[in-house]
Each structure stands twice: as structure tokens, then as C-alpha cells.
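>>> Sequence plus the predicted model coming up.
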Amino acid sequence: MRLSRGFIPTIKEIPSEAQIASHRLMLRAGLVRQTSAGIYAWLPLGLRVLRNIERIVREEQNAAGAQEVLMPTIQPAELWRESGRYDDYGKEMLRIVDRHDREMLYGPTNEEMIVDLFRQSVKSYRDLPINLYHIQWKFRDEVRPRFGVMRGREFLMKDAYSFDVDRAGAVRAYRGMMLAYMRTFQRMGLKAIPMVADTGPIGGDLSHEFIVLAPTGESQVYYDASFEGVDYLADAGTPDLDRFFADITARYAATDEKHDTAKWAEIPEADRREGRGIEVGHIFYFGTKYTKAMNATVAGPDGKMFHPEMGSYGIGVSRLVGAAIEASHDDAGIIWPDAIAPFKAAILNLKNGDAACDALCESLYAALAGDALYDDRADRAGVKFNDADLMGHPWQIIVGPRGAAAGRVELKRRATGERVEVSPEEALAKVRS
RNA sequence: CGGAGCGUAGCGCAGUCUGGUAGCGCAUCAGUCUGGGGGACUGAGGGUCGUGGGUUCGAAUCCCGCCGCUCCGACCA
């Protein structure tokens, strides 16, 4: 994308309504614009990040054996009456009446709908296990939306639902999802830690939330330093889920609501880590709560009908954009992890109109195809440096008149600020690596 | 849901108390000079002052209603 033609409205001044870093930076870097309280429009740069996160989530879900579907945002009230949640959910649910006075709602989650789909078509234990997910917009009418996309009313969420013949199968599904989540967050360049959680209105007796560490997070967290060294991507092939789960849950990790000071005291002081965190995922095992309430049954080997065991697994896709920024930024702007950056590199033409600069930039831009944002604007160098830092591209390829004449460029790494003079080919190789 | 604010140009704000020509900075447009960390100069465009009503010779300003947004707290897959 050429910045001169791109719809990337950056702003210098700090928007008055935004209180935290990620919200300010998302507005300033031109990622989103608010359209009403807790509801945002995604602009090209922000949408690219959102799509990158979605892609990683999708790849890991598929790899874990889940199948993608796409359910609607608008749901009939009838399904929610079956589960009993139409009344329980309260004012957080956005209720809608259509022209025939039918009661509808904008889905805050999809347990009811997935169970309805499941019971229509799955009739035998032979079809289990099955795990279905989708990535779809949700709406929860929060009393007080805040923190930009991290606590919006409308948000993009990946939610998966597993169906198994028995509790052991459901627990296996749960553990598989937990590993998939850890892999997902690691691939995004985020430090996430699973913590035992309350099950809340969803119900069930096995639940973990996934907390991304960031100094500005909403919850206080405590964890064992040994989490810092775990490589969830190392276990290629068929993972041993039981060993993984035993290993992870043996380590101490808790939010302040679940914090156990006695267990905490048992950890060597040097290994105690305290900090702030942002919840970006939550998984639940809840057994037959919904399959019973909605009478979803399949035939077992003995011919008898039974209620499958379920779990549900959510990742806040749009919230992750904000969480990633909270976890990685400085005074100048965003510092994107490579895997989710909107562009791998920015090409800064410091002297637009100079024949050597223009030619070199054009060739770099062509070589990087869609992976680079080319700052071809007629602005001064300082403007380009500041905008590139603000937008947080992992690499900046800086092309100035002196260097261009000599066939050299500068390559800057956003995360470290390190700048080296290299040949254009070396710069391309680095960016692509 | 309790408490507190705000709404004036694209953004940030002043003007409101004490009614009388709607302003400032940034941004935008044109031009000139510049050219490695948000540059300078000259000129220009851009406003139903959130909205409806009331008071008044006259309302951004005073009064009443409504709408929207934000912050603190409570709440929160």
C-alpha cells in the first residue's frame, strides 16, 4: 500500500476520550474510529491486524481438529428460552423485535445456537467427538464500555464448542483447546498464562482464563516464573495432552480473585511473579448443561439415547489487538510483534522526487509485494519517521538521497531502535526472514 | 445502576459566569523557500455553536426538556 493513497488517518494529538495507551494509539495510528459507545469501525491498518490475528487463530483451531462454521449474529429468542438464559442474561443482551413482533437478539455467545445445529444433524455416538467454531461479531450491552476495543460492546470473538460421548472425552477436548490457545498466543508474540477461573453464568466445573501480561491490565495476577520458559510450539506432531495439562496446571498461576496465599508462600521467592494482565481467552467444560436443557441426544453403542458432554472455548479476537498494543508499545507508538503487524515493513522515501530515491523505493516496494507500506508522501523526513514509529511496523527501510546514490539503505528494527546501513538486498532478506 | 462532567471548524480547545460581529492552535487547500525526527513564510477555505422549546429588541451565552459522549465506582466469559 502506498501511504499517499492509503486511508490511514494518523493524528498527532492525544484524543481526549481515550485513557489508556492502546486506545490512544489505535486512534492515533488510524486503526479504528469509534462510531458510538463501545462500537468501532475498523480502518485498513487495524483491519489488517485483526485479519492476521484471525488467521493465526483459525490455523491453530484447524490444526487442533476443530471445524469452522459461521453462525448468524441475530438469533431467535426461542432458543434462549429453552436454555433458560433469555431471562437470566439480563440487560447485557441486546434484544430486538422484528416487523412481525418476533423476539430476536444480537448474540452475546452461541451455546444455544450450536446445540440447536448439533441436535438437528448429529444422531449417533459414532459422529463424536466433534468440535465446531466460528469467528463472528458478538454484542454485549456493557453498562460502561471503555478501554477502546478491549472492552467494547461489539467485539469479534472466536468461539468453539466441543461435543463428546463422555466426561473423559470432553476433558481431552478441553486440554486440546488449552494447548491450541497457548500455541496461538505464542505465535502472536504474546506472553499468555492460563489461570483457573470462575465459571460464571456459563456454568460447569472446569474453567481457565488466559491472561496476557501487560502493565496496564485490568486484573492483578500471580504466577510462577517457570511459565516464562515454556515453548508451546516445540511439541510438534501428536502432543501428549495429559502430560501437557499436568505440567501446566502444576505451576502456580492465579488472578487476585483466585489467589491462594498459602500456595503462593510455597513458591521460592525468586520465582514469584506478580503483575497485571488482560483476559484474552476463556475455556469451559460444562458437561451436559445445555444438551440436557435443550434435549440434544445421540444414540450410544447400546442403542440408548444420551446427552453429549460439552465445552466452550473463546478467544477475544478484537480484544487481542488492544492487548497486543498494551503489551508492546513505547512513547513513540506501537511496536507490533512480527506475526500480527499490519505490514512487515515501512519503506520511508526521505526525498520524494529524487530520482535515485524514487527508483530504489519502487523496486523495494515491488519486491515486498503486499507486505510493505510505502511512505511516498511529499512530507519531510521527520513526519515519516514519527508516523512509522507510531504505526509500529517491525522494520523500517529508510531510503535517503545520499544512501540511494550509493545503493545503500538503512534498516531500522522498531523493537530495539537499532539501525544498520545495508544493501537493498540485505534489507529485503532481513524483512522476509 | 450510583456519582461527576462534557457537546462550539476534521482534531484539541477558548468564549458561557456578566446576552450584542463566532475565535485560537494543529490539520486541510494554493504558492514560495526548505529537505534525516511532526520546518518557515504568505494567502485561502471550512461553523444548523448536539437537539427541541422558552425568555428577550437580540441567545453559543439565561431557563426547561431530550439526545449523544466521557470519567470515577459498582458490574463483567
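The structure has been received and is ready for your questions.
>>> does the closest residue to A:Ile340 other than its chain neighbours count as helix, strand or coil?
Closest residue to A:Ile340 in three dimensions, ignoring its sequence neighbours and counting by C-beta to C-beta, 6 or more residues apart in numbering: A:Asn52, at 4.4 Å. Backbone N, C-alpha and C define where each C-beta goes, glycine included. Secondary structure assignment for A:Asn52 (DSSP: H, G, I helix; E, B strand; the rest coil): helix.
>>> now swap in A:Asp198 and tell me
Per three-state DSSP, A:Asp198 ends up coil.
>>> same question, A:Lys12
The three-state label given to A:Lys12 by three-state DSSP is coil.
>>> Just list the residues touching it, thanks.
For A:Lys12, the contact set (C-beta atoms under 8 Å, 6 or more residues apart in numbering) comprises A:Arg28.
>>> any idea of the pLDDT on it?
Each residue has a pLDDT score; the one for A:Lys12 is 88.
>>> just to revisit the earlier point, I'd say the residue nearest to A:Ile340 and A:Asp338 touch.
No - judged on C-beta atoms under 8 Å, A:Asn52 makes no contact with A:Asp338 at a distance of 10.0 Å.
>>> between those two, who's got more neighbours?
More crowded of A:Asn52 and A:Asp338, by other C-beta atoms under 10 Å: A:Asn52, with 20 against 16.
>>> how much space is there between that one and RNA strand B?
22 Å (C-beta to the nearest atom of the strand, to the nearest Å).
>>> Enumerate every residue touching that residue.
By C-beta under 8 Å, 6+ apart, the neighbours of A:Asn52 are A:339-342.
>>> So which of these is the closest to A:Tyr290?
Nearest to A:Tyr290 among the contacts of A:Asn52, counting by C-beta to C-beta, is A:Ile340 at 33.0 Å.
>>> What is the neighbour count of that closest one?
What A:Ile340 shows, counting by other C-beta under 10 Å, is a neighbour count of 23.
>>> Would you confirm that it contacts A:Gly189?
Yes - when contacts are counted by C-beta under 8 Å, A:Ile340 is listed as touching A:Gly189 (7.0 Å).
>>> right, and the helix or strand after the longest strand anywhere in chain A?
In chain A, ranked by residue count with DSSP state E as the criterion, the top strand is strand A:272-287. Next in sequence after strand A:272-287, counting helices and strands by DSSP states H and E, comes helix A:289-293.
>>> what does that next one rub up against?
For helix A:289-293, contacts defined as C-beta under 8 Å, 6+ apart pick out A:82-84, A:111-112, A:115, A:119, A:163, A:203-204, A:296-297, A:307-310.
>>> so which of the residues you listed are also by RNA strand B?
Contacts with RNA strand B within those, counted by C-beta under 7 Å from any atom of the strand: A:Glu111.
>>> Type out the PyMOL command that picks the buried ones from the contacts of helix A:289-293.
Listed next is the PyMOL selection for buried residues among the contacts of helix A:289-293, using 16 or more other C-beta atoms under 10 Å:
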select buried, chain A and resi 82+83+111+112+115+119+163+203+204+296+297+307+308+309+310
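>>> Filter the contacts of helix A:289-293 down to just the ones in strands.
A:163, A:309-310.
>>> Skip the chain neighbours and tell me the closest residue to the residue in chain A that RNA strand B sits nearest to.
Relative to RNA strand B, the nearest point of chain A is A:Gly400 (1.9 Å; C-beta to the nearest atom of the strand). When the adjacent residues along the chain are set aside, A:Gly400 lies closest to A:Leu350, with 4.2 Å between them (C-beta to C-beta, 6+ apart).
>>> now do A:Ile74
Using C-beta to C-beta, 6+ apart, the closest residue to A:Ile74 is A:Met104 (5.4 Å).
>>> What count of nearby residues applies to the one you found?
By the criterion of other C-beta under 10 Å, A:Met104 has 15 neighbours.
>>> That one bridge partners, please.
Using DSSP bridges, the beta-bridge partners of A:Met104 come out as A:Pro76, A:Ile96.
>>> In contact with it: list those residues for me.
The contact partners of A:Met104, taken as C-beta under 8 Å, 6+ apart, are A:74-77, A:95-98.
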